[in-house]
Every structure is written in structure tokens, then in C-alpha cells.
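Trainee: need coordinates for the below:
(one chain, ligands or ions: 2)
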Amino acid sequence: MTVRNVAIGLIAAATTTTSLSLNAQEPTDGAELLAQSGCAVCHGAEGQGTAAGPSLAAGTLSLDDFVAAVRQATRTMPAYAAEVLPDEDVARMFAFLEAQIAEPAAAGRADVGAELYSAYGCYSCHADEAQGGQHGPRLGPDPITFARFSWYTRHPTRTMPPYSAVVLSDQDMADIYAFVEAQPQPPPLESIPLLAP
Ligand code: HEC
Ligand code: HEC
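Mentor: Ligands and ions are numbered 1, 2, ... in the order given. Below you'll find the model as predicted:
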């Protein structure tokens, strides 16, 4: 396989994953590799995530962390050893996924988002200002990336109820995200006498 031949020198040089070089001149390679290696079955053809696996096109992992995740089995995901899937191939997948990272499809409107956040009941677990509470974690300000936020809301893996696109549209998602992003920063620790360092 020519991809492998090209990669050999790079792999030889890459004794640690930190020296991996991204090689994105053939972006379709990454998509093919995702399909061939079976990743697409769980993570979607473009890494957008399915009910069986999280979005990979989410901009949340560095290349090193991405490689480490591929090498490490979890309860649901098999491990892929370097002999089966060389570092250079994983780097090609990563380069492809980086180009797929979803931004909100439409501009989010924080004021509309505030109403939706209330109407859909997010506040009942995540609290009125998305600061989190007894029944759900803090969502904002500074939320996780939009791609991951959207994927989790559609495919929660633990106790949160799922909100499909039929119930909550992509525009709604963008609006709620804008509301969460617009929340006030928590007070600095120095301003709370008991917690001041
Ligand atoms: C059988 C389904 C399945 C297959 C096949 C699969 N994965 Fe996963 N993957 C998962 C699940 C589920 C998780 C979330 C962790 C967990 O619960 O196991 C995950 C997690 C990950 C993560 C960590 C994501 C994060 O944000 O922390 C990466 C990276 C990843 N997979 C890449 C891949 C790649 C690349 C392939 C193909 C070489 C692949 N996976 C094949 C199901 C799968
Ligand atoms: C019944 C309680 C409940 C409701 C209602 C709820 N959530 Fe959640 N949410 C949770 C819990 C609990 C978690 C932590 C993970 C888990 O258990 O699923 C979570 C996690 C999340 C996460 C992932 C946060 C992270 O840092 O990974 C996002 C994003 C999210 N919720 C968004 C929403 C949105 C948007 C709504 C409304 C449309 C909503 N949630 C409604 C309970 C809830």
C-alpha cells in the first residue's frame, strides 16, 4: 500500500508520538482509513458521532491524545495496535477529522437560546445560568466545543435524556449554545473570603 510506504520513514523518525508530522495533502485518505478500519461504524463516516461512539470531529483532542485513545481499549472500543494501524495512518485520520469540525450552522442568538434553555428544561438540571447544580454539571461560560456539545445533547451516554434533531433543531442548538457561552464568569476565588488562596 503506497500510503504505508510513504509513511515508513516518518514512522521510523517518530519514536514518540510528539514527533508525528501531519500529512494532509490527500484529505480523502483519512476518510477511507476511517471506513476501512471500522471506525466509521461507531464514529460516523465523517467522524460526526453516532449513538455507538462520540464525535471525533470535535476539536477536543491533540494528535498525541488521539493516538493514545486509539491504542487503548475501553469497555466499548477495541484497541488498535501500531502494527495494525500505524501512527502515520492515525495522523491522516486526525487531519481529515480536523477539517470536519462543525461550527454552529447558523449564528446563535443568546436571547432566543435563553427561552429555549428554559422551555426544554435544561435549567432543571444544569441550573438557571448553566452554572450546574445537583442534577447536572456546569455547561458555561466557556462551554466544550460546539461539535461535542451538540453531539452530547443528541446522544448522551449516561443519565441525561437525549434530545434528537426532531425535538431540538440545529438552529435551537446554536441558540442554546450562544446562551451558554454568554453566561457571566463565576466570581474569582480571591473575592470569596473562605476560598481565597
Ligand atoms: C465498536 C465501536 C467503536 C469502534 C469500532 C471505534 N470506536 Fe472509538 N470510541 C468508541 C466509544 C464508545 C468511545 C468513547 C469511549 C468509550 O465509552 O469507550 C470511543 C472513543 C474514541 C476516542 C476518544 C474520543 C474522546 O474525545 O475522548 C477516539 C480518538 C477514538 N474513539 C477513535 C477511534 C478510531 C480512530 C477508530 C478506528 C481506528 C475507532 N475509534 C473505532 C467506539 C468505537
Ligand atoms: C434530567 C437532567 C438533565 C436535563 C433535563 C438536561 N441535562 Fe444535560 N446533563 C445532565 C447530566 C447529569 C449530565 C452529565 C453526564 C450525564 O450524566 O449524562 C449532562 C451533561 C450535558 C452535557 C455535556 C457536558 C460536558 O461537559 O461534557 C451537555 C452539553 C448538556 N448536558 C447539555 C444539555 C442541554 C442543552 C439540555 C437541554 C436541551 C440538557 N443538557 C438537559 C442532566 C441533564
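
Trainee: what pLDDT does the model give the most centrally placed residue in the chain?
Mentor: Among the residues of the chain, the one closest to the centroid is residue 58, at 3.1 Å (CA atoms, centre = their mean). On the pLDDT scale, residue 58 is placed at 84.

Trainee: enumerate the residues of this protein near ligand 2.
Mentor: 120-122, 124-126, 135-137, 139, 144, 149, 152-153, 156, 158-161, 163, 168, 176 (CB under 6 Å from any ligand atom). Bear in mind the C-beta positions are built from the backbone N, C-alpha and C, glycine included.

Trainee: taking these one by one, which sit in strands?
Mentor: Of the positions in these, not one sits in strands, assigned by DSSP state E.

Trainee: give me the buried subset of those residues.
Mentor: Neighbour-count burial (16 or more other CB atoms under 10 Å) applied to those gives 120, 122, 125-126, 136, 139, 144, 149, 152-153, 160, 163, 168, 176.

Trainee: returning to that earlier point: helix, strand, or coil at the residue nearest to the centre of the chain?
Mentor: Put simply, residue 58 is coil when judged by DSSP: H, G, I helix; E, B strand; the rest coil.

Trainee: any idea how far it is from ligand 2?
Mentor: 11 Å (CB to the nearest ligand atom, to the nearest Å).

Trainee: and if you look at residue 184?
Mentor: 18 Å.

Trainee: burial count for that residue?
Mentor: Residue 184: 9 surrounding residues under other CB atoms under 10 Å.

Trainee: ok, residue 78 to ligand 2 distance?
Mentor: Shown here: residue 78 relative to ligand 2, a distance of 24 Å by CB to the nearest ligand atom.

Trainee: now do the contacts for that residue.
Mentor: By CB atoms under 8 Å, 6 or more residues apart in numbering, residue 78 lies in contact with nothing.

Trainee: hmm, 10 Å instead?
Mentor: 38, 42, 70, 84 (CB atoms under 10 Å, 6 or more residues apart in numbering).

Trainee: most neighbours of all those residues, which one?
Mentor: Going by other CB under 10 Å, residue 70 tops those with 23 neighbours.

Trainee: and the pLDDT for residue 11?
Mentor: 39.

Trainee: cool, residue 72 as well?
Mentor: pLDDT at residue 72 comes out at 95.

Trainee: what do you get for residue 103?
Mentor: With respect to pLDDT, residue 103 scores 77.

Trainee: isn't residue 53 right up against residue 76?
Mentor: Yes. The criterion here is CB atoms under 10 Å, and residue 53 meets it with residue 76 at 7.6 Å.
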